[in-house]
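# Dropping the sequence and predicted coords here.
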Amino acid sequence: MKISSIAMAIIATTSFSMMANASELTELDEVKQELKEIKQQLATDKEAKDASIKVGGAVRFQYGIKDYDEDDKDRGGDFDFDVFRLDFNGTIGDVTLSAQYRWYQYMDAVHHAYVAYQFDDNWQGQVGITQVPFGNLTYNSNSFFFSTNFYVGLEDDYDAGLSFIGDYDKHDIRIAFFKTDEMGGIDGYVGDKTGRYSYDIVGTRNPGEGIYDTPQQGLADDSTFNLRYAYKFDNFEVGASVLSGGIEGEDGNAGDHNAYAIHTKGNINNFGFMFQYTDYEYDLDDGSDFVTVGAYAFYDTIPASATIYNMNLSYSLPVTIGPITNLTFYNDYNLMTDKSGGLKEDTMMNVTGVMVTSGNLYTLIDYAIGQNQPFLGGSLAGDSDETNSRLNINFGYYF
């Protein structure tokens, strides 16, 4: 049986059409596969980007000369290595990591180490060794010496616990609970309680102990609650902070710890200002008027209660002097009054200085005058009417 030419043409046309459709389907499948692979690669790239951890740090040196150290004056002061530090910051998925470790000549210590999660546009939670939300943040000072608050554990302090940060446009809300200090509290597996960056209570003073002696009775903060609120205006903020917690001794609860502060900070053009009023109390069951604190590889003593005033002024001046791009002049004034233990003399510190910015090199030139002030030849538990002074130049490269 013969097939007509018309039928043959129809069959041929249909076959070519089917072959063309098959070819197009194959090409479409290939395009789909390529798009799938591109999406997978983009997702992988995004995950890799989101999981990136940046490593930075700093190395700092300093020169200083003290008027209260005759040997130091005779040799024209000392030039010392200050600190080398490493910073780790980044994200892994939805979790943020931030940590810093420091090496000094005489010790090494954790500065902070926490993980954070952004619950929504307003709230972030942090867990680990994180900053205690109290008073002016991040610092209540401009100079290398911080403020007097730092030496009682109420400026740039870091403890172990949970912190929640709420950002509602002009409202800054911080709620925190710290179970212990950064060294695990009274039962922390730490040989040297002074090997830390920020000051914390570590003991009480028995009769006859010197202010720099190792305490015979150990103490530590325990279960501390913090609440800080600040309202932000266009160029400054005002706020208040409260702190309340327990004190744990070697035989159990040993008292309570309370503090509160009112603060403000801001800028008017190139001028900056900070003010803070702070009141704190360690209410010990044994009635002690002094407690031992530890940091920077040595013990010191502070009044169990006192009031602290801070007033800081600064002026930022952009310049072009070789590599120097900015000079920030400042004067930080600190006064501690109403000290427990029958102390008649106040603690005072005034630091006049300038921060010099040269790219990643930052230099702090400070002239500090103090009375009963740590790192200025005194102690907060001192009762001297003499003032001491110190010139300090600290410079560091940040990478």
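Cool, got the structure.

# Please export the C-alpha coordinates of the stretch of helix or strand residue 112 belongs to as CSV.
Using DSSP states H and E, residue 112 sits in strand 108-118. Output in CSV follows, covering the C-alpha atoms of strand 108-118 (Å, rounded to 0.1, in the frame of the first residue of the first chain):
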residue,chain,number,x,y,z
ASP,A,108,45.9,38.2,80.2
ALA,A,109,42.2,38.5,80.4
VAL,A,110,38.8,38.3,78.6
HIS,A,111,37.4,41.8,77.9
HIS,A,112,34.1,40.5,76.7
ALA,A,113,32.6,37.4,74.9
TYR,A,114,29.0,37.0,74.0
VAL,A,115,26.6,35.9,71.3
ALA,A,116,23.6,38.0,70.3
TYR,A,117,20.3,37.4,68.5
GLN,A,118,18.1,40.1,66.9
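
# Follow the chain on from it and name the next helix or strand.
Going down the chain from strand 108-118, the next helix or strand is strand 123-131, by DSSP H and E.

# Which positions in stretch 99-118 come out as buried?
Neighbour-count burial for stretch 99-118, counted by 16 or more other CB atoms under 10 Å, picks out 99-102, 104, 107, 109-114, 116. Yep, even glycine has a C-beta here, placed from its N, CA and C like the rest.

# and the strand holding residue 112, what does it pack onto?
strand 95-103, strand 123-131, strand 158-168 (3 or more CB pairs under 8 Å, 6 or more residues apart in numbering; DSSP states H and E).

# other SSEs contacting the first one?
Under the contact criterion of 3+ CB pairs under 8 Å, 6+ apart, strand 95-103 touches strand 78-92, strand 108-118.

# Can you lay out those strands as TSV showing mean pLDDT and distance to residue 211?
Formatted as TSV, these follow (pLDDT from 0 to 100; distance: least, CB to CB, whole Å):
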stretch	mean pLDDT	distance to residue 211
strand 78-92	96	24
strand 108-118	97	22
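
# Which one of those strands lies nearest to residue 189?
strand 108-118 (13.9 Å; CB to CB).

# rewinding a little: sheet partners, orientation included, of the strand holding residue 112?
Here strand 108-118 has these sheet partners by DSSP bridges: strand 95-103 (antiparallel), strand 123-131 (antiparallel).

# Touching it from outside, list them.
85, 94-102, 124-131, 158, 163, 182, 195-197 (CB atoms under 8 Å, 6 or more residues apart in numbering).

# can you rerun that using 6 Å?
Contact with strand 108-118 is made by 95-102, 124-130, 158, 195-197, as judged by CB atoms under 6 Å, 6 or more residues apart in numbering.

# about what we covered before: need the helices and strands packed on strand 108-118 in CSV with mean pLDDT and distance to residue 89, can you?
Listed next are the helices and strands packed on strand 108-118 as CSV, based on pLDDT from 0 to 100; distance: least, CB to CB, whole Å:
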stretch, mean pLDDT, distance to residue 89
strand 95-103, 97, 5
strand 123-131, 98, 13
strand 158-168, 98, 16
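
# Tabulate these in JSON lines, adding columns for distance to residue 395.
Below are the helices and strands packed on strand 108-118 laid out as JSON lines (distance: least, CB to CB, whole Å):
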{"stretch": "strand 95-103", "distance to residue 395": "17"}
{"stretch": "strand 123-131", "distance to residue 395": "25"}
{"stretch": "strand 158-168", "distance to residue 395": "24"}
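
# re the thing from before, nearest to residue 375, of the strands paired with strand 108-118?
Comparison of the strands paired with strand 108-118 against residue 375 by CB to CB identifies strand 95-103 as nearest, at 17.1 Å.

# Using PDB, write out every CA atom in that closest one.
Provided in PDB are the C-alpha atoms of strand 95-103 (Å, rounded to 0.1, in the frame of the first residue of the first chain):
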ATOM      1  CA  VAL A  95      23.500  34.900  65.500                       C
ATOM      2  CA  THR A  96      26.100  37.600  66.100                       C
ATOM      3  CA  LEU A  97      29.400  36.900  67.900                       C
ATOM      4  CA  SER A  98      31.600  39.500  69.700                       C
ATOM      5  CA  ALA A  99      34.700  38.700  71.700                       C
ATOM      6  CA  GLN A 100      37.900  40.400  72.800                       C
ATOM      7  CA  TYR A 101      40.900  39.000  74.600                       C
ATOM      8  CA  ARG A 102      43.800  41.000  76.000                       C
ATOM      9  CA  TRP A 103      47.400  40.400  76.800                       C
END
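
# Okay, strands next: where are they in the stretch 201-350 of the chain?
Using DSSP state E, counting those that start in this stretch, the strands of the stretch 201-350 of the chain run over 217-232, 236-249, 252-268, 271-284, 290-295, 298-303, 305-321, 324-337, 347-358.

# related to what we said a few turns ago, out of the strands paired with strand 108-118, which is closest to residue 211?
So among the strands paired with strand 108-118, strand 95-103 is nearest, using CB to CB, at 25.7 Å.

# If I take the closest one and strand 78-92, what angle do their directions form?
Strand 95-103 and strand 78-92 are oriented at 160 degrees to each other (axes from the mean of the first three to the mean of the last three CA atoms, to 10 degrees).

# how much does strand 95-103 deviate in direction from strand 158-168?
Between the axes of strand 95-103 and strand 158-168, defined by the same axes, to 10 degrees, the angle is 140 degrees.

# how far does strand 95-103 sit from the chain's center?
Taking CA atoms, centre = their mean, to the nearest Å, the mean C-alpha location of strand 95-103 is offset from the chain mean by 10 Å.

# So what touches that strand?
With CB under 6 Å, 6+ apart as the test, strand 95-103 has contacts from 83-90, 109-117.
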